[in-house]
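Visitor: With the sequence up front, the predicted model follows.
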Amino acid sequence: MSVVTRFAPSPTGRLHVGNIRTALHNFLFARKHRGRFLLRIDDTDRERSREEFVEAIRDDLGWMGLDPDTGVRQSERFDLYEREFDRLKSVGRVYPCYETPEELELRRKVLLGRGLPPVYERKPDGAPLPEGRRPHWRFRLDHERPIEWTDLIRGPQRFDPKLLSDPVVRREDGSWLYLLPSVIDDVDLGITHIVRGEDHVTNSAAQIQMFEALGSEAPSFAHEALLVASEGKLSKRLGSYGAEHLREEGVEPMAMLSLLARIGTSQPVEPIASLDELASEFDFAHFGRAPTHFDPQEVEHLNARLLHKLDYDAVKDRLPADAAEEDWLLLRPNLKRLSDFRSWLDVLRGDVDVPELAHDERLLMKDAAAVAEGLDWTQEPWRALTAELKATSGRKGRELFHPLRLALTGRESGPEMAGLIERMGKDLTLKRLKAAAKR
């Protein structure tokens with residue numbers, strides 16, 4: 001069997017970490033098994049769906065490298081839904097209901113007050129129909145067949161359909177709710193595995209009977225523990241933390257994907273440079289049942305570690321045109337984001353703002369300029385410079401190195417000075433030392 005997974009976002013907003021994680025896991029599972037990953041745009045809600053979000057979803061997936069093999073839009077498949085709906089209606093598996101929301105809520109409260117589960121109560125055959133009211137439609141669950149499956153993460157699952165309400169699948173105005181069109185699509189597209197959050201477990205129970213009613217075997221299910229913020233709940237802050245935010249902040253997509261692929265599993269979270277490498281070790285057997293804690297600071301940390309490992313060829317197209325491989329290898333250990341590279345390249349090439357130095361430090365810079373003038377710049381100039389200054393000034397450690405770094409880079413910290421001044425060269429080094437001696 002060839003694996004086919006799908007990611008099915010609604011175009012009512014941008015992708016955030018929760019649905020990016022779902023997309024990623026579907027992509028990785030399909031990639032590991034050399035299957036297909038599909039994008040299904042769930043745009044049946046015409047009032048809330050926006051075309052700009054459809055394009056944004058596709059663009060964000062492309063930026064992350066999660067390119068689908070093909071895609072469909074539910075808004076273009078209404079004829080298919082209508083045919084299958086009519087087929088289910090003809091055999092009594094969907095039926096009309098006429099209660100108003102207020103009537104249903106009142107009955108729910110009555111049942112709860114009696115200590116009973118608030119399950120929808122079917123009307124007896126031949127019950128009078130209210131005049132002038134259009135029906136909504138429910139799927140008739142088979143109460144005589146327990147619903148069972150082995151979840152790839154949660155293990156054996158069992159539901160008594162008598163304790164579930166027949167789900168509403170179509171509104172009074174004829175518009176579709178999520179459950180039935182999703183099943184019709186999964187059958188039509190040959191979906192073999194459905195990977196989604198554990199908040200869909202009850203939906204899956206009802207949908208399994210829908211698959212069977214349509215004459216199809218249900219796919220395999222993997223219901224993941226929900227993603228929560230590090231403080232213990234899914235906050236509004238995480239709702240806005242996604243691909244758009246990361247792109248604006250200059251964060252590498254693989255930093256976030258490395259985290260989302262591994263948190264909540266028994267595998268170590270570490271920076272992974274490619275989706276193929278992530279896919280090769282992806283396995284639902286590693287997933288736990290506890291809520292998965294997401295901390296944006298971990299993305300920042302992984303981003304820096306990822307940059308420190310990247311080869312020049314992996315980033316050269318995104319570096320300034322005048323940046324050489326030697327520049328990248330020298331500066332990458334100090335980068336938190338790729339955008340930091342430009343400012344450090346300016347340290348190597350252009351002017352720097354040096355803070356005002358103390359009088360004795362200015363004198364040290366004057367001596368340093370004199371020493372640097374006479375150095376052999378082909379033979380470790382930084383080691384020779386600091387050795388001479390240490391001998392003549394009596395300074396050592398931070399007392400010696402800190403003012404030199406300030407004078408030469410304008411920064412409190414940064415890459416190794418030995419590599420920096422070799423790339424800067426003699427002329428620029430002398431220019432900065434002399435300028436610092438006058439501040």
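Guide: Received, thanks.

Visitor: how about the strands in the stretch 51-200 of the chain?
Guide: 70-73, 94-97, 136-139, 147-151, 155-159, 168-170, 193-197 (DSSP state E, counting those that start in this stretch).

Visitor: need those strands in JSON lines with distance to L406 and mean neighbour count, can you?
Guide: (Glycine included, C-beta is placed from N, CA and C.) Conversion of those to JSON lines gives the following (distance: least, Cβ to Cβ, whole Å; neighbours: other Cβ atoms under 10 Å):
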{"stretch": "strand 70-73", "distance to L406": "55", "mean neighbour count": "15"}
{"stretch": "strand 94-97", "distance to L406": "75", "mean neighbour count": "16"}
{"stretch": "strand 136-139", "distance to L406": "72", "mean neighbour count": "21"}
{"stretch": "strand 147-151", "distance to L406": "59", "mean neighbour count": "15"}
{"stretch": "strand 155-159", "distance to L406": "60", "mean neighbour count": "12"}
{"stretch": "strand 168-170", "distance to L406": "69", "mean neighbour count": "20"}
{"stretch": "strand 193-197", "distance to L406": "51", "mean neighbour count": "21"}
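
Visitor: can I get these in JSON lines with mean pLDDT?
Guide: Shown next, in JSON lines, are the strands of the stretch 51-200 of the chain (pLDDT from 0 to 100):
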{"stretch": "strand 70-73", "mean pLDDT": "96"}
{"stretch": "strand 94-97", "mean pLDDT": "96"}
{"stretch": "strand 136-139", "mean pLDDT": "97"}
{"stretch": "strand 147-151", "mean pLDDT": "98"}
{"stretch": "strand 155-159", "mean pLDDT": "97"}
{"stretch": "strand 168-170", "mean pLDDT": "97"}
{"stretch": "strand 193-197", "mean pLDDT": "97"}
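
Visitor: between the ones you listed, which one is nearest to D317?
Guide: D317 lies closest, by Cβ to Cβ, to one member of these: strand 70-73, at 27.0 Å.

Visitor: And the strands of the stretch 51-200 of the chain: which comes nearest G18?
Guide: That would be strand 193-197 among the strands of the stretch 51-200 of the chain, by Cβ to Cβ, at 7.5 Å.

Visitor: any idea which element L38 lies in?
Guide: Applying DSSP states H and E as the criterion places L38 in strand 36-41.

Visitor: and what of H25?
Guide: Per DSSP H and E: helix 17-32 holds H25.

Visitor: buried ones in that helix?
Guide: Neighbour counts using 16 or more other Cβ atoms under 10 Å place 17-32 of helix 17-32 among the buried residues.

Visitor: Ok, stretch 195-211 next?
Guide: Residues of stretch 195-211 classed as buried by neighbour count (16+ other Cβ under 10 Å): 195-198, 200, 203-211.

Visitor: quick one on the thing from earlier: state the mean pLDDT of the helix holding H25.
Guide: Helix 17-32 carries an average pLDDT of 96.

Visitor: quick one, that helix and strand 36-41 angle?
Guide: 150 degrees (axes from the mean of the first three to the mean of the last three Cα atoms, to 10 degrees).

Visitor: Out of the strands of the stretch 51-200 of the chain, flag the one nearest G394.
Guide: That would be strand 193-197 among these, by Cβ to Cβ, at 65.3 Å.

Visitor: So which of the buried residues of stretch 195-211 is the closest to S413?
Guide: Closest to S413, out of all of the buried residues of stretch 195-211 and judged by Cβ to Cβ, is G197, at 42.3 Å.
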